[in-house]
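**Student:** no sequence on hand, only this structure:
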(Lines give C-alpha, C1' and ligand atoms only; values in the text may rest on other atoms or scores of the structure.)
Protein backbone atom coordinates (compact mmCIF):
# COMPACT_ATOMS: atom_id res chain seq x y z
CA UNK A 1 0.00 0.00 0.00
CA UNK A 2 1.23 3.49 -0.79
CA UNK A 3 2.48 5.36 2.31
CA UNK A 4 0.13 8.31 1.75
CA UNK A 5 -2.91 6.05 1.54
CA UNK A 6 -1.81 4.11 4.61
CA UNK A 7 -1.25 7.33 6.52
CA UNK A 8 -4.74 8.57 5.60
CA UNK A 9 -6.35 5.30 6.69
CA UNK A 10 -4.44 5.42 9.97
CA UNK A 11 -5.61 9.01 10.53
CA UNK A 12 -9.23 7.91 10.08
CA UNK A 13 -8.65 5.03 12.49
CA UNK A 14 -7.05 7.46 14.97
CA UNK A 15 -10.18 9.61 14.80
CA UNK A 16 -12.52 6.70 15.48
CA UNK A 17 -10.34 5.34 18.28
CA UNK A 18 -10.04 8.80 19.86
CA UNK A 19 -13.81 9.20 19.88
CA UNK A 20 -14.47 5.78 21.42
CA UNK A 21 -11.63 6.23 23.92
CA UNK A 22 -13.20 9.49 25.09
CA UNK A 23 -16.63 7.82 25.39
CA UNK A 24 -15.09 4.90 27.34
CA UNK A 25 -13.28 7.35 29.63
CA UNK A 26 -16.43 9.33 30.45
CA UNK A 27 -18.36 6.09 30.95
CA UNK A 28 -15.75 4.76 33.38
CA UNK A 29 -15.70 8.07 35.30
CA UNK A 30 -19.51 8.11 35.51
CA UNK A 31 -19.62 4.54 36.83
CA UNK A 32 -16.93 5.33 39.43
CA UNK A 33 -18.76 8.45 40.64
CA UNK A 34 -21.98 6.43 40.92
CA UNK A 35 -20.19 4.10 43.31
CA UNK A 36 -20.55 0.97 41.20
CA UNK A 37 -17.84 -1.51 40.26
CA UNK A 38 -16.12 -0.15 37.15
CA UNK A 39 -14.30 -3.27 36.00
CA UNK A 40 -16.10 -3.56 32.64
CA UNK A 41 -15.74 0.11 31.59
CA UNK A 42 -12.14 0.12 32.82
CA UNK A 43 -11.24 -2.89 30.69
CA UNK A 44 -12.91 -1.30 27.66
CA UNK A 45 -10.97 1.92 28.34
CA UNK A 46 -7.72 -0.03 28.62
CA UNK A 47 -8.36 -1.78 25.29
CA UNK A 48 -9.24 1.53 23.58
CA UNK A 49 -6.14 3.28 24.93
CA UNK A 50 -3.92 0.37 23.89
CA UNK A 51 -5.32 0.30 20.36
CA UNK A 52 -4.99 4.09 20.13
CA UNK A 53 -1.36 3.93 21.27
CA UNK A 54 -0.38 1.23 18.77
CA UNK A 55 -2.18 3.04 15.95
CA UNK A 56 -0.43 6.30 16.84
CA UNK A 57 2.97 4.57 16.86
CA UNK A 58 2.30 3.04 13.43
CA UNK A 59 1.13 6.43 12.10
CA UNK A 60 4.34 8.07 13.35
CA UNK A 61 6.46 5.36 11.71
CA UNK A 62 4.67 5.80 8.39
CA UNK A 63 4.98 9.59 8.61
CA UNK A 64 8.70 9.68 9.38
CA UNK A 65 10.41 6.49 8.22
CA UNK A 66 13.85 5.77 9.63
CA UNK A 67 16.81 5.95 7.31
CA UNK A 68 18.20 2.61 6.21
CA UNK A 69 21.80 1.92 7.25
CA UNK A 70 22.87 1.38 3.63
CA UNK A 71 22.20 5.06 2.81
CA UNK A 72 25.33 6.07 4.74
CA UNK A 73 28.83 6.53 3.41
CA UNK A 74 31.70 4.76 5.19
CA UNK A 75 32.30 7.96 7.20
CA UNK A 76 28.61 7.82 8.31
CA UNK A 77 27.44 10.89 6.39
CA UNK A 78 24.07 10.43 4.62
CA UNK A 79 23.84 10.35 0.86
CA UNK A 80 21.80 13.09 -0.81
CA UNK A 81 19.77 12.09 -3.84
CA UNK A 82 21.27 8.62 -4.00
CA UNK A 83 24.85 9.74 -4.69
CA UNK A 84 27.45 11.77 -2.89
CA UNK A 85 27.02 15.40 -3.95
CA UNK A 86 29.22 17.27 -1.49
CA UNK A 87 26.30 18.01 0.81
CA UNK A 88 25.11 16.47 4.04
CA UNK A 89 21.65 16.11 5.49
CA UNK A 90 21.24 17.45 9.01
CA UNK A 91 18.48 17.16 11.59
CA UNK A 92 15.20 15.28 11.60
CA UNK A 93 13.63 17.26 8.77
CA UNK A 94 16.50 16.64 6.36
CA UNK A 95 17.75 20.21 5.85
CA UNK A 96 20.68 20.21 3.45
CA UNK A 97 23.87 22.12 4.27
CA UNK A 98 27.02 22.44 2.16
CA UNK A 99 29.79 20.16 3.35
CA UNK A 100 32.67 21.96 5.00
CA UNK A 101 35.78 21.99 2.84
CA UNK A 102 38.64 20.42 4.84
CA UNK A 103 41.22 22.22 2.67
CA UNK A 104 40.17 25.63 3.78
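**Tutor:** Perfect, thanks for sending it. Please read these numbers as outputs of a predicted model, since none were measured by experiment. Numbering: from 1, shown residues only.
**Student:** tell me how this structure divides into domains.
**Tutor:** The record's domain parsing of the chain by automatic domain parsing lists 3-63, 69-98.
**Student:** can you flag the weakest of those by average pLDDT?
**Tutor:** Lowest mean pLDDT within those: domain 69-98, at a mean of 55.
**Student:** now do the strands in the protein.
**Tutor:** Assigned by DSSP state E, the strands in the chain fall at 87-90, 95-98.
**Student:** list the contacts of the nearest residue to residue 31 once chain neighbours are set aside.
**Tutor:** In space, and not counting its chain neighbours, residue 31 is closest to residue 38: 4.3 Å by CB to CB, 6 or more residues apart in numbering. (Each C-beta comes from the backbone N, C-alpha and C, glycine too.) Contacts of residue 38 were listed using CB atoms under 8 Å, 6 or more residues apart in numbering, and they are 28, 31, 32.
**Student:** among the residues you listed, who's most crowded?
**Tutor:** When neighbours are counted by other CB atoms under 10 Å, residue 28 leads the contacts of residue 38 with 19 neighbours.
**Student:** grab the nearest non-local neighbour of that residue.
**Tutor:** Nearest to residue 28 is residue 41, by CB to CB, 6+ apart, at 3.9 Å.
**Student:** now do the longest helix anywhere in the chain: which elements does it pack against?
**Tutor:** In the chain, assigned by DSSP state H, the helix with the most residues is helix 3-34. Packing partners of helix 3-34 (3 or more CB pairs under 8 Å, 6 or more residues apart in numbering; DSSP states H and E): helix 39-63.
**Student:** contact partners of the helix it packs on?
**Tutor:** With CB under 8 Å, 6+ apart, helix 39-63 has contacts from 3, 6-7, 10-11, 13-14, 17-18, 20-21, 24-25, 27-28, 31.
**Student:** and it, what's buried?
**Tutor:** 41, 42, 44, 45, 48, 51, 52, 55, 59, 62 (16 or more other CB atoms under 10 Å).
**Student:** repeat that for stretch 1-13.
**Tutor:** Quick answer for stretch 1-13 (16+ other CB under 10 Å): 10, 13.
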